[in-house]
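Chemist: The sequence isn't on hand, but the structure is:
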Ligand code: MN
């Protein structure tokens with residue numbers, strides 16, 4: 001007889017580029033307002049204050065194939081679902097109170113990810129002083145490509161990050177524009193939470209966020225991590 005009342009949820013995992021082994025996902029941390037031009041387009045002042053963190057459930061992560069079409073199911077209860085292209089940092093070694101200079105040792109690799117957002121629900125919550133979960137943490141809200149090990153990519157601190165919809169450029173930024181660099185994010189997060197292997201960190205999105213509708217194709221890329229093609233269904 002099973003120890004559980006019903007079968008436990010399966011482990012969420014992502015493929016590791018160049019390896020037969022998969023990356024098991026533990027937690028998904030996200031940082032908000034981390035590119036100045038995007039902070040301005042959202043109506044805020046990009047002065048460097050503390051980073052804003054929120055989480056998505058691990059099972060919001062949806063594996064996107066490295067080649068060919070991935071699929072994003074259009075979520076319910078929104079008429080304004082936005083794309084946010086992000087560099088995703090995969091943690092391979094946990095820790096507390098990590099120094100920025102030591103952050104690299106904790107990075108397993110990187111992926112291209114989307115922080116899909118029900119902007120209408122996020123805005124309504126923010127205006128009411130309520131948390132962002134309904135806008136940010138919905139099912140399938142984190143389409144993510146394969147993890148590229150840092151041994152293959154080197155440390156990513158600069159390079160283009162872009163998203164187009166149906167061939168039209170929407171978002172175009174550079175990793176060097178991050179207000180809080182990946183090393184600083186790891187240091188800051190590790191003071192708030194004990195990081196563990198399997199954690200993913202979505203590092204924020206550049207300007208140009210906007211709505212998608214069913215039938216759209218999003219083409220997403222981060223320099224050194226290839227390109228994802230994702231159809232909205
Ligand atoms: Mn985001």
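Modeler: Okay, I see it. As the structure is a prediction and not an experimental result, all values here were calculated from the model. Numbers count the residues shown, from 1 in each chain.

Chemist: What residues does this structure have near the ion?
Modeler: Within the chain, the residues that sit near the ion (CB under 5 Å from the ion) are 84, 115, 205. (C-beta placed from N, C-alpha, C; glycine too.)

Chemist: List the ones among those residues that fall in helices.
Modeler: Judged by DSSP state H, the residues of the chain next to the ion include no members of helices.

Chemist: Switch these over to JSON lines; also include distance to residue 44 and pLDDT.
Modeler: JSON lines is the format used below for those (distance: CB to CB, whole Å; pLDDT from 0 to 100):
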{"residue": "84", "distance to residue 44": "15", "pLDDT": "98"}
{"residue": "115", "distance to residue 44": "17", "pLDDT": "98"}
{"residue": "205", "distance to residue 44": "14", "pLDDT": "96"}
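
Chemist: export these to JSON lines and tack on neighbour count?
Modeler: Converted to JSON lines, those look like this (neighbours: other CB atoms under 10 Å):
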{"residue": "84", "neighbour count": "23"}
{"residue": "115", "neighbour count": "27"}
{"residue": "205", "neighbour count": "28"}
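
Chemist: Name the nearest residue to whatever residue of the chain ends up closest to the ion, ignoring sequence neighbours.
Modeler: At 3.4 Å from the ion, residue 115 is the closest residue in the chain, using CB to the ion. Among residues not flanking residue 115 along the chain, residue 84 sits closest, at 4.1 Å (CB to CB, 6 or more residues apart in numbering).
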